[in-house]
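In: Build the 3D model from these lines:
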Amino acid sequence: MNRNRLGSSPIVVSELCLGTMTFGGSCDEATANKIMDRSVDAGIDFFDTAEMYPVPPKKEWVYRTEEIIGRWLKGKQRDSLIIASKVTGAGHAWFRPPVRNGMTALDRRHIRTAIEGSLKRLQTDYIDLYQTHWPDHDAGYEETLEVLTELVKEGKVRTIGSSNENEWGTMKALEVAKSHGFNRYQTIQNNFSINNRRFGDALADICTREKIGLLPYSPLAGGVLSGKYQNGARPEGRRFTFYLTEGDERQKVMAKRFVNERSLATTADLVHVAQKEGITLPQLALTWSKQHDFVPSTIFGVNNLEQLEENLKTAEMVLSDDALKAIDEISHKYPYPMG
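Out: Next comes the predicted model:
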């Protein structure tokens, strides 16, 4: 499996990253352990998690994913793996997270509390990549980057990154880091898929020029690009099925952003491209993601070993020029399916 550098940091990772947000939710611990073992055997050395996982975020589930990884990690050679985690973003933003009574913030107290909790649950002395789960633009970046820099100096974190960040926030964080001598974000973890190509509008150019690596999440557009939501299907136990049928208003809005007329039409057309390439639709979507120069590693999540095996085959896949052209034509036909 190919390996790439995270930004301009010293850390080099496998081009496929195992996302773990299903662990402890739709994926039980025994299955999660098998998935992690098989991933390592296949050459994946990069795992991504967060203090708030699994998803969907529930008070009774919070912290489970890190705990599962920690129990598994205890018997492994720690230095052979790159572990990424995240501190929860501001609680006054788009929803109240089920950690620290929903009063989260990217200040010294909350970042310190979050990192100590993650280290304990992961049963490790350090986290390789520590990321802010989402930004708080109105609060500024000075205190956030200052305390993250302290954690790097203390050896609790090797390098830092952002998630769900926009163009302004990315440049502002770089400016603050440079002017104050703080560590800079080396990565950005944003939604990026054939169904959501907005990262390519401006952020891709910023990240290429500033040597910030994109770690795409939801390369299968939340599972939509697997085809499982086609023709009105609502597969049992899946996130958007829950959001659409039992979720709150915020979750319903999010689900409709992923599962809508244009996203399903795009998916239907992509099936034909995958067939011509002789691969599955999920393999098409995942391979497309990792073929971008600004992507050092693509994050994917699974619920079972069958899904994992299908995704692992993409390590050796490269889409043809004809396939890439066909995908671009579909994107022009259905621009911005996720809005």
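
In: in the protein, which helix has the most residues?
Out: Ranked by number of residues, the top helix in the chain under DSSP state H is helix 261-277.

In: neighbouring contacts of it?
Out: Residues outside helix 261-277 that contact it (Cβ atoms under 8 Å, 6 or more residues apart in numbering): 194-195, 221, 224-225, 227, 229-230, 280-281, 283-285, 319-320, 322-323, 326-327, 330-331, 333-334, 336-338. Where you see a C-beta, it was placed from the backbone N, CA and C, and this is true even at glycine.

In: I'd like to know which elements the very next helix or strand once past that helix is packed against.
Out: As assigned by DSSP states H and E, the chain's next helix or strand after helix 261-277 is helix 281-290. Packing partners of helix 281-290 (3 or more Cβ pairs under 8 Å, 6 or more residues apart in numbering; DSSP states H and E): helix 261-277, strand 298-301, helix 305-312, helix 321-333.

In: Could you check the angle helix 281-290 makes with helix 305-312?
Out: Relative orientation of helix 281-290 versus helix 305-312 (axes from the mean of the first three to the mean of the last three Cα atoms, to 10 degrees): 40 degrees.

In: so where do the helices sit in the protein?
Out: Counting by DSSP H, the chain has helices at residues 29-41, 64-73, 108-122, 142-153, 167-180, 203-210, 239-245, 249-258, 261-277, 281-290, 305-312, 321-333.

In: circling back: determine which stretch of the helices and strands packed on helix 281-290 is the most buried.
Out: Of all the helices and strands packed on helix 281-290, strand 298-301 has the most neighbours on average by mean count of other Cβ atoms under 10 Å, namely a mean of 26.

In: what helices or strands is that one leaning on?
Out: Judged by 3+ Cβ pairs under 8 Å, 6+ apart, the packing partners of strand 298-301 are strand 16-19, helix 281-290.

In: Direction included, what does the shortest one pair against?
Out: Its sheet considered, strand 16-19 pairs with strand 46-48 (parallel), strand 298-301 (parallel) by DSSP bridges.

In: Quick one: the ones you listed as a markdown table, columns for mean pLDDT and distance to Gly19 too.
Out: A markdown table is the format used below for those (pLDDT from 0 to 100; distance: least, Cβ to Cβ, whole Å):
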| stretch | mean pLDDT | distance to Gly19 |
| --- | --- | --- |
| strand 46-48 | 99 | 5 |
| strand 298-301 | 98 | 4 |
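
In: JSON lines for those, including distance to Gln186?
Out: Output for the strands paired with strand 16-19, formatted as JSON lines (distance: least, Cβ to Cβ, whole Å):
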{"stretch": "strand 46-48", "distance to Gln186": "14"}
{"stretch": "strand 298-301", "distance to Gln186": "15"}
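
In: any chance of the helices and strands packed on helix 281-290 in JSON lines, plus distance to Arg109?
Out: Shown next, in JSON lines, are the helices and strands packed on helix 281-290 (distance: least, Cβ to Cβ, whole Å):
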{"stretch": "helix 261-277", "distance to Arg109": "40"}
{"stretch": "strand 298-301", "distance to Arg109": "29"}
{"stretch": "helix 305-312", "distance to Arg109": "38"}
{"stretch": "helix 321-333", "distance to Arg109": "44"}
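
In: closest one to Arg158 among the ones you listed?
Out: strand 298-301 (18.0 Å; Cβ to Cβ).

In: Output that closest one as CSV, restricted to C-alpha atoms.
Out: The C-alpha trace of strand 298-301 is given here as CSV (Å, rounded to 0.1, in the frame of the first residue of the first chain):
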residue,chain,number,x,y,z
THR,A,298,-8.7,8.8,2.5
ILE,A,299,-10.8,7.8,5.5
PHE,A,300,-13.3,5.1,5.1
GLY,A,301,-15.6,3.3,7.6
